[in-house]
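> Need coordinates for the following:
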Amino acid sequence: MFRTRMSRLAALVGGVCCLHARAQAQESATQVLPPVVVSASTFAQPLSQALPSTSVITHAQIVRSGARNLTTLLQRVAGVQLTFSGGPGQTSTTFVRGFGSTDMGVLVLLDGVPLTSQDYSGSTGYLQNLTTEQIQRVEIVRGNVSAIYGSGAIGGVILITTREGSSQPRASVSAMAGSQDTAGLAADASGQVGRTRLQAGWSRYETQGLASLSPALAAAYGAGSGTDGYRNDTQNASLVQDLAAGHSVGLRAFRSHGVYDYSNGSGSGSTLQQLVQVFSDDRLTDAWSSHLSLSQQSVDNSNWLSGSYSGAARTRVQIAQWRNVVRLDKHWTLTGGADWQHQSIETDGPGAFPNVTRNARAVFAGINGVFGASQLQFNLRHDSVDGLAGQDTGYLGASHELGGGFKVLASYSTAFSAPPLGYLYADVPSYYIEANPALRPEKAHSSEAGLQWQRGATLLRATLFDTRMTDEWVFGSDPATGMAQFQNIASSRTRGLELTGSTSWQGWQLDGNLTLQQPVDLSQPGHPTLQRRARSMANLQLSHDWHGVLLGASLHYSGPRPDLDYTNYPATPVVLGSYTTVDLSAGGRLAPQWDWNVHVRNLFDKAYQTAYGYNRAPFGVFVGVTWHPLGS
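So this is what the prediction gives:
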């Protein structure tokens, strides 16, 4: 079956190339606009003016990348490292500049709503379950920004924006197929009726996957020899009603349901993420804009092993958010607002513990402005979480133009991460786990200094960073009972150099980044490198428009990483070797209203692991077509 699928795929590739050769070349001189971000300050500003280190991935870049899930997309971003304990849809951990602490040191926002899970998995947003077809853009802020976004923003923040309605009618249907019996189908439509902007999208992605466990790990766990398949269905919809000039109300709904196999097909599970949001945007004066939203997000996670139900957990969070931007004059902008959350966790099965809830409140303010050749950003925030001490965080950043396109930057910031309810109250004697309601928030402070140069379409930036975390959570042992529980017994530090750059010239686009870092455990003798963290990472992406065909190549490198072999007791240290992968892509206009694309993953079939004993995806080829009956 696999050979048949690949034969058909090869025939389709040949057919696409022949049809493209016959199609009339359509070239357009599209002006490339400077990227704009909102994540660095909560209001729109050019990327070159953002004081925190920030990256943006536009919808066009998402399409060109060929990435079918968000984790693959993020791996190309400076300072971002992902580890995978299994196949598609299974557990992943996101580190930014070496911090992540089982994902709790990185805050993930979907349409402005935090996706932090309250179970004891430590997963933020279950990023492995988010596919890319319904995502409009992604912004990544590196470093401590709790003063802007609250709990969890120690390593950084990932802001995901879903697709929304457009003023002009647009519609598209796309299909893809490829290696490992992978197939996908997606449809999206948007437009405006009177004063109402509408959008609706649906996508399905499925793959046979691979045998994610290595032979040694499969034998130790008594797992089978099958593959870890995955299927995802995602729906997204939005409605925005313009009431009057400067005033609108809207509704958003998002649902992503993933079903996966694990342990070489020996187990299975599902993850269901849902978000419903109502909001209003109002221009109260010429200078004052206000955004108010009420949202509910939930995450349901269930697992079965060898056909037996092994448990489920459901996180539900209701959130009210009020955001304000006031333009004091053409140079200075004031921001501020308040948040309220009601968080709850429900569990079922052998690992269940009593359902618990809590409230969290926050107020925040900031100012950003330019005076002469200098720029200043100052943010303050106070968070109050039931059962925990109040947390005050701040961000102070500044830059100064040196002339000739050069700019120096510096910042100091503090951050915290509130323990999820599962860390505090999970009490499961059958799993030798007990609660620790005295667990304190993790805390961090960070310093940065940088040099930036911009000329035309070229933007280069070098950043030195130093972040220290205290009261870090570790899954330790209660000396009185011997039971396992989360404890505040660790401290760590990451410091290093980050280089980012992008340029374009005569149809060529080049983007690259290099991160050299030292993420170490300060609570252990000799300050060893933190588990699964690389001390060096690099990415390079090159694309060129060749007679209407966009050709692309991307390279990803990761240095060696320390890990543990858990098949032994006690676990024994191992080192995961460095690796380099290369991906290729091509795409263009097939005919009026039709586009084609081809993506090659892991060109040289590099065998590597990001977590000991768990294999990553081998060489693969994927072909897709898109029909645009409306728009382009």
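> Now do the helices in the stretch 451-600 of the chain.
In the stretch 451-600 of the chain, no helices are defined using DSSP state H, counting those that start in this stretch.
> what about the strands in it?
Assignment of strands within the stretch 451-600 of the chain using DSSP state E, counting those that start in this stretch yields the ranges 458-477, 484-505, 508-517, 520-521, 536-546, 549-558, 561-565, 572-576, 579-591, 594-601.
> Ok, which of those comes nearest residue 291?
The minimum distance between residue 291 and the strands of the stretch 451-600 of the chain falls on strand 458-477, with 28.8 Å, by CB to CB. (C-beta placed from N, C-alpha, C; glycine too.)
> Now the helix or strand where residue 255 lies - C-alpha only, PDB.
Here residue 255 sits within strand 247-262, counting by DSSP states H and E. The C-alpha trace of strand 247-262 is given here as PDB (Å, rounded to 0.1, in the frame of the first residue of the first chain):
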ATOM      1  CA  HIS A 247     -17.400  50.300  17.300                       C
ATOM      2  CA  SER A 248     -17.800  46.600  16.700                       C
ATOM      3  CA  VAL A 249     -18.800  43.400  18.400                       C
ATOM      4  CA  GLY A 250     -17.800  39.800  17.500                       C
ATOM      5  CA  LEU A 251     -17.800  36.100  18.200                       C
ATOM      6  CA  ARG A 252     -15.100  33.600  17.700                       C
ATOM      7  CA  ALA A 253     -15.200  29.800  18.100                       C
ATOM      8  CA  PHE A 254     -12.300  27.300  17.800                       C
ATOM      9  CA  ARG A 255     -12.300  23.500  18.200                       C
ATOM     10  CA  SER A 256      -9.400  21.100  17.700                       C
ATOM     11  CA  HIS A 257      -9.800  17.400  18.300                       C
ATOM     12  CA  GLY A 258      -6.900  15.100  18.000                       C
ATOM     13  CA  VAL A 259      -6.900  11.300  18.300                       C
ATOM     14  CA  TYR A 260      -3.500   9.600  18.600                       C
ATOM     15  CA  ASP A 261      -1.700   6.200  19.200                       C
ATOM     16  CA  TYR A 262       1.300   5.900  21.400                       C
END
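> Now residue 351. Nearest residue, chain neighbours left out?
Leaving aside its sequence neighbours, residue 351 sits nearest to residue 311 (CB to CB, 6 or more residues apart in numbering; 4.2 Å).
> list the buried ones in the host helix or strand of that neighbour?
Per DSSP H and E, residue 311 falls inside strand 308-327. The neighbour-count check on strand 308-327 (16 or more other CB atoms under 10 Å) flags 311-317, 319, 321, 323-326 as buried.
> Kindly reformat the residues you listed as CSV containing pLDDT.
Putting the buried residues of strand 308-327 into CSV (pLDDT from 0 to 100) gives the following:
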residue, pLDDT
311, 76
312, 84
313, 87
314, 90
315, 91
316, 94
317, 95
319, 97
321, 97
323, 97
324, 97
325, 97
326, 97
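> Quick check: of those, which lies closest to residue 286?
residue 326 (10.5 Å).
> Check which helix or strand the nearest residue to that closest one once chain neighbours are set aside maps to.
Counting by CB to CB, 6+ apart, residue 334 is the residue found nearest to residue 326 once chain neighbours are left out, at 4.3 Å. Residue 334 belongs to strand 332-348 when assigned by DSSP H and E.
> Show me what that strand is packed up against.
For strand 332-348, the elements it packs on are strand 308-327, strand 356-371, helix 421-425, judged by 3 or more CB pairs under 8 Å, 6 or more residues apart in numbering; DSSP states H and E.
> give me that answer again for 6 Å
strand 308-327, strand 356-371 (3 or more CB pairs under 6 Å, 6 or more residues apart in numbering; DSSP states H and E).
> circling back: the residue nearest to residue 326 - how many residues pack around it?
The tally of other residues near residue 334 (other CB atoms under 10 Å) stands at 17.
> same deal with residue 172?
Using other CB under 10 Å, residue 172 has 20 neighbouring residues.
> and the gap between it and residue 64?
Distance from residue 172 to residue 64, counting by CB to CB, to the nearest Å: 15 Å.
> rewinding a little: closest to residue 53 out of the helices and strands packed on strand 332-348?
strand 356-371 (16.0 Å).
> Give the buried residues for the closest one.
So, applying 16+ other CB under 10 Å, buried residues of strand 356-371: 356, 358, 360, 362, 364-369.
> do the same with stretch 331-351
Buried positions in stretch 331-351, judged by neighbour count with 16+ other CB under 10 Å: 333-337, 339, 341, 343-347, 351.
> just to revisit the earlier point, send the alpha carbons of the helix or strand following the strand holding residue 255 over as CSV?
Following strand 247-262 in sequence order, the next helix or strand is strand 267-283 (DSSP H and E). The C-alpha coordinates for strand 267-283 follow below in CSV (Å, rounded to 0.1, in the frame of the first residue of the first chain):
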residue,chain,number,x,y,z
GLY,A,267,-2.1,2.8,23.6
SER,A,268,-4.3,5.6,22.4
GLY,A,269,-5.6,8.9,23.5
SER,A,270,-7.4,12.0,22.5
THR,A,271,-7.1,15.8,23.1
LEU,A,272,-10.0,18.2,22.6
GLN,A,273,-9.3,21.9,22.8
GLN,A,274,-12.2,24.4,22.6
LEU,A,275,-12.4,28.2,22.8
VAL,A,276,-15.5,30.4,22.6
GLN,A,277,-15.1,34.2,22.8
VAL,A,278,-17.4,37.2,22.6
PHE,A,279,-15.7,40.6,22.3
SER,A,280,-16.1,44.3,21.5
ASP,A,281,-13.7,46.8,20.1
ASP,A,282,-14.4,50.5,20.7
ARG,A,283,-12.7,53.7,19.7
